[in-house]
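Visitor: Sequence plus predicted model, see below.
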Amino acid sequence: MLHVIVFIWGFSPILGRYITANAWQLVWFRILITVGVMFLYLKFTKHSLKISSKHFWQLSGIGLIIMVHWLAFYEAIKVSNVSVTMVAFSTGTLFSSIIEPIFFKRRVRFYELVIGLIIIAAITMIFSIETEYWWGITLGIIAAFTSSLFGVFNSILAHQLKSGVLSFYELSAAVFGLTIFIFVKGDFNSSFFVLDNASVVGILVLSIVCTVFPFIAAVGLSKHISPYTIVLTVNLETVYGIIWAILFFKENQEVKPSFYIGVFIILFAIFLNSYLRKLSDRRMNRIP
């Protein structure tokens, strides 16, 4: 199930580039449609939307983090391209290896930090090669950090709330916060609501196919799989995203060949990390 979700998410950045609307419009319409569909789903399945005030404020805070995550992610695609964004986004493994031990009260594994440093070195190398995409890389890293952050928080709350209800409140807070921000910016005008056909179709697919089902399912899976494992598997989104970008947009012609050396180093570090963690878990299980 997790791999199915990741495969679907791998197509999300392609839609982000295909949609001609700016990142603010894309994210606002995406969340608004998603919240509407989720509300209908929860009503149809007779889910109770009652939660405590404590959970309400916790979910609202996580929703704002998700808002920042999506804005950073899609703006990164707009100012660079899918390949660069996805490579920067793969730094989520590094952030999770630091954030997860803090909230789950476990020690930081030495090899996770070493592999994190390898990822940083590879990102630095890409920075030096693809200097024109520095802002896209920066936004991609911000998207990775916020993704790791709300992934850990969701893992904690998933044991206390139904995944659909949790997702509904988070995304409702995200669209509410984004609405206020856009209004304060003065961008809520008639042109904001004008979308071409490509944007309308793209946002509908992005909202219904790539958001509603994967988001609810991913939160549900966090009851059974650690945030670190989820983030690690989600890094396959980088592979899928780059493959789709080459097939649809010929992005291999937009970056230097040395860019893919950095990609290989990052992916190697990610999967080495998975292997080492397996070995570590086996040793722990052997201890009487």
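Guide: That came through, no problem.
Visitor: Okay, and I182 sits in which element?
Guide: helix 163-185 (DSSP states H and E).
Visitor: List the buried residues for that helix?
Guide: Within helix 163-185, the residues that qualify as buried by neighbour count (16 or more other C-beta atoms under 10 Å) are 163-178, 182. Where C-beta positions appear, they are placed from N, C-alpha and C, glycine not excepted.
Visitor: Repeat that for stretch 78-91.
Guide: Neighbour-count burial for stretch 78-91 flags 78-91 (criterion: 16+ other C-beta under 10 Å).
Visitor: Specify which member of the residues you listed is nearest to I98.
Guide: Closest approach to I98 among the buried residues of stretch 78-91 (C-beta to C-beta): T91, at 11.0 Å.
Visitor: OK, contacts around the closest residue to that closest one other than its chain neighbours?
Guide: Excluding the flanking residues, the one nearest T91 by C-beta to C-beta, 6 or more residues apart in numbering is A144, at 4.5 Å. Residues counted as contacts of A144 (C-beta atoms under 8 Å, 6 or more residues apart in numbering) are 88-92, 94-95.
Visitor: picking that back up, now the buried residues of stretch 78-91 in TSV, with distance to G63?
Guide: Below are those laid out as TSV (distance: C-beta to C-beta, whole Å):
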residue	distance to G63
K78	23
V79	25
S80	26
N81	28
V82	26
S83	29
V84	27
T85	22
M86	24
V87	27
A88	23
F89	20
S90	24
T91	23
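Visitor: What is the nearest of the residues you listed to F56?
Guide: Each of these was checked against F56 using C-beta to C-beta; the closest is F89, at 29.5 Å.
Visitor: Point out where the stretch 101-250 of the chain drops to low pLDDT.
Guide: 219, 222, 226-235 (pLDDT under 70).
Visitor: Okay, and which of the buried residues of stretch 78-91 map to helices?
Guide: With helices taken from DSSP state H, the overlap with these comprises 78-79, 82-89.
Visitor: Can you name every helix or strand that the helix or strand where T34 lies contacts?
Guide: Secondary structure from DSSP H and E places T34 in helix 23-44. Packing partners of helix 23-44 (3 or more C-beta pairs under 8 Å, 6 or more residues apart in numbering; DSSP states H and E): helix 53-79, helix 163-185, helix 197-207, helix 213-221.
Visitor: Just tell me which of those ends up closest to Y18.
Guide: For the helices and strands packed on helix 23-44, the distance to Y18 is smallest for helix 197-207, at 5.2 Å, taking C-beta to C-beta.
Visitor: quick revisit: output the contacts of A144 as CSV; include the columns distance to L15 and pLDDT.
Guide: Shown next, in CSV, are the contacts of A144 (distance: C-beta to C-beta, whole Å; pLDDT from 0 to 100):
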residue, distance to L15, pLDDT
A88, 18, 88
F89, 15, 88
S90, 19, 81
T91, 22, 84
G92, 20, 83
L94, 26, 79
F95, 25, 86
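Visitor: G36: which of the residues you listed is nearest?
Guide: F89 (27.1 Å).
Visitor: wait, isn't the closest one in contact with V239?
Guide: No - assessed by C-beta atoms under 8 Å, F89 is found out of contact with V239, at 11.7 Å.
Visitor: just to revisit the earlier point, can you pull the buried residues of the helix holding T34?
Guide: For helix 23-44, by 16+ other C-beta under 10 Å, it's 23-35, 38-39, 41-42.
Visitor: Now do that helix, average pLDDT.
Guide: Helix 23-44 shows a mean pLDDT of 94.
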